[in-house]
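# Here is a sequence with its predicted model. Questions after.
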Amino acid sequence: MAERMTLGEVEGSHSLSFDCGDLPVDDVIVAAGHEPNGYFWEGVAHLVAPDLVPQLELDSEGGMFCAYGPRGVLEGLRRLLKPYLEDGPRIARLIATAESSGFEFPD
């Protein structure tokens with residue numbers, strides 16, 4: 001599978017981004033009652049990387065997830081998010097667990 005996430009640098013500022021809406025897990029997310037947009041993925045980031053997210057600036061849109069921050073922190077977030085972009089059963093379990101604990105996805 002091609003790398004979907006882009007880790008970039010512009011004028012010393014680092015970012016991690018990926019396009020939403022054509023991911024392998026989109027159908028699973030929709031079936032669970034959510035929109036597979038950047039805001040949904042911000043919620044996933046909060047769940048899978050609660051220690052990293054406070055060190056980042058999340059700036060997603062409907063069609064794109066985007067985070068800014070230190071390169072090492074973004075690399076850690078990329079490593080933690082990647083399996084959820086590719087594995088339908090994994091994202092389904094995360095959604096179910098999150099919702100059963102009262103988490104509301106910001107989608």
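Yes, it's here.

# what about stretch 44-62, average pLDDT?
Across stretch 44-62, the average pLDDT comes to 95.

# buried stuff in that stretch?
44-49, 52-53, 56, 58, 60 (16 or more other C-beta atoms under 10 Å). (C-beta placed from N, C-alpha, C; glycine too.)

# can I get those residues in TSV with secondary structure and distance to Glu35?
Below are the buried residues of stretch 44-62 laid out as TSV (DSSP: H, G, I helix; E, B strand; the rest coil; distance: C-beta to C-beta, whole Å):
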residue	secondary structure	distance to Glu35
Val44	helix	13
Ala45	helix	16
His46	helix	16
Leu47	helix	16
Val48	helix	19
Ala49	coil	21
Leu52	coil	23
Val53	helix	20
Leu56	coil	22
Leu58	strand	16
Ser60	coil	12
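
# Can I get those in JSON lines including distance to Pro36?
Converted to JSON lines, the buried residues of stretch 44-62 look like this (distance: C-beta to C-beta, whole Å):
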{"residue": "Val44", "distance to Pro36": "10"}
{"residue": "Ala45", "distance to Pro36": "14"}
{"residue": "His46", "distance to Pro36": "16"}
{"residue": "Leu47", "distance to Pro36": "15"}
{"residue": "Val48", "distance to Pro36": "16"}
{"residue": "Ala49", "distance to Pro36": "19"}
{"residue": "Leu52", "distance to Pro36": "21"}
{"residue": "Val53", "distance to Pro36": "19"}
{"residue": "Leu56", "distance to Pro36": "21"}
{"residue": "Leu58", "distance to Pro36": "16"}
{"residue": "Ser60", "distance to Pro36": "12"}
